[in-house]
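Novice: Test case, fold it:
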Amino acid sequence: MESPAAGQTPPLIHVAIVEDDLGFRRALSEAIDSTQDLRLAGVAGTRAEGLQLLLGAPVDVLLVDLGLPDGSGIDVIKAAVQQWSSCSVVVSTNFGDETHVIRSIEAGASGYLLKDSSPARIVDEIRSVASGGSPISPIIARQVLARFRQLGAGGASRAQKPDEAAQLLSAREKEVLELITKGFTANEIARLMSLSPFTVRSFVRRIYSKLNVTSKAEAIYEARNQGILDG
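Specialist: Just a heads-up that it's a prediction; the model follows:
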């Protein structure tokens, strides 16, 4: 007997993208546009644009990068969960560390893909999450499993305590970060601290490395989240 669905056009999956990498965003958009069952409904390149996007009509799947130029994609995920409750959020990012993975899942992400996935693979994963799946890059899945094994073996006691987080940055690094938070440039910080701009930039690189971030906005967000800086 012929299936009732035979010959019927599959329902469109409406997709929105929050991604600041123009090349990756273009490739992903083209991959979506080349399909019959997916439709690109919105694109944003910053945290602010992503939050603005959420004021429009809901989509089925929202792809979010975490390292946005004006803040963290985590904020967009949290807002999407509140404002587009029927939407499935999938992270698509370069950040593969445990902190970003756990925070994304806690914020409400249904999937976590690294950008080493091809646009064609991500298109397949969009279909998967739209039908109830939870796509996760294999390396991320291994991290999550390892994390839960740790917790099951008493690994929770190894979690970073607030006082340990505060000691993550040296006094000088914390001073540099506090000045960054106030909007000072590297040259201005160099003058205020009687350092060379090169030394200040070295401090900034170390801060980014220790906090596992790639931008000033993310560094400030992460430092506040860990209690290194006052809220």
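Novice: so residue 74 touches residue 103, yeah?
Specialist: Yes. Using CB atoms under 8 Å, residue 74 makes contact with residue 103 at a distance of 5.7 Å. For glycine as for every other residue, the C-beta is placed from the backbone atoms N, C-alpha and C.
Novice: Helices along the protein, start to end?
Specialist: 22-33, 47-53, 73-83, 98-107, 119-130, 138-152, 162-166, 171-181, 186-193, 197-211, 216-225 (DSSP state H).
Novice: Tell me, what's the model's pLDDT at the residue nearest the centre of the chain?
Specialist: In the chain, the centroid-proximal residue (CA atoms, centre = their mean) is residue 66; its distance is 2.0 Å. Per-residue pLDDT puts residue 66 at 92.
Novice: got it, and residue 21?
Specialist: pLDDT at residue 21 comes out at 91.
Novice: if we can go back for a sec, tell me which of residue 74 and residue 103 has more neighbours.
Specialist: When residue 74 and residue 103 are compared on other CB atoms under 10 Å, the one with more neighbours turns out to be residue 74, at 24 against 19.
Novice: Excluding sequence neighbours, find me the nearest residue to that one.
Specialist: Excluding its sequence neighbours, the residue lying closest to residue 74 (CB to CB, 6 or more residues apart in numbering) is residue 107, at 5.2 Å.
Novice: Give the burial count for the one you found, as a bare number.
Specialist: 20.
Novice: May I see the helices of the chain organised as JSON lines, with distance to residue 89 added?
Specialist: Below are those laid out as JSON lines (distance: least, CB to CB, whole Å):
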{"stretch": "helix 22-33", "distance to residue 89": "15"}
{"stretch": "helix 47-53", "distance to residue 89": "11"}
{"stretch": "helix 73-83", "distance to residue 89": "5"}
{"stretch": "helix 98-107", "distance to residue 89": "8"}
{"stretch": "helix 119-130", "distance to residue 89": "9"}
{"stretch": "helix 138-152", "distance to residue 89": "15"}
{"stretch": "helix 162-166", "distance to residue 89": "27"}
{"stretch": "helix 171-181", "distance to residue 89": "28"}
{"stretch": "helix 186-193", "distance to residue 89": "35"}
{"stretch": "helix 197-211", "distance to residue 89": "23"}
{"stretch": "helix 216-225", "distance to residue 89": "18"}
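Novice: what about the nearest residue to residue 195 once chain neighbours are set aside, distance to residue 216?
Specialist: Sequence neighbours aside, residue 189 is the residue nearest to residue 195 in space, at 7.5 Å (criterion: CB to CB, 6+ apart). The gap separating residue 189 from residue 216 is 12 Å, by CB to CB, to the nearest Å.
Novice: And residue 34, by the same measure?
Specialist: 37 Å.
Novice: any idea how far residue 27 is from residue 59?
Specialist: 19 Å.
Novice: what about the protein, any weak spots by pLDDT?
Specialist: Residues of the chain that meet the criterion pLDDT under 70 lie in 1-10, 142-167, 230-231.
Novice: right, and the helices of the chain - which one's nearest residue 39?
Specialist: helix 22-33 (7.5 Å; CB to CB).
Novice: so what does the closest one touch, helix or strand wise?
Specialist: strand 13-18, strand 38-44, helix 119-130 (3 or more CB pairs under 8 Å, 6 or more residues apart in numbering; DSSP states H and E).
Novice: possible to save these as CSV with distance to residue 227 and mean neighbour count?
Specialist: Shown next, in CSV, are the helices and strands packed on helix 22-33 (distance: least, CB to CB, whole Å; neighbours: other CB atoms under 10 Å):
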stretch, distance to residue 227, mean neighbour count
strand 13-18, 27, 24
strand 38-44, 30, 19
helix 119-130, 33, 19
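Novice: Alright, I will stop here.
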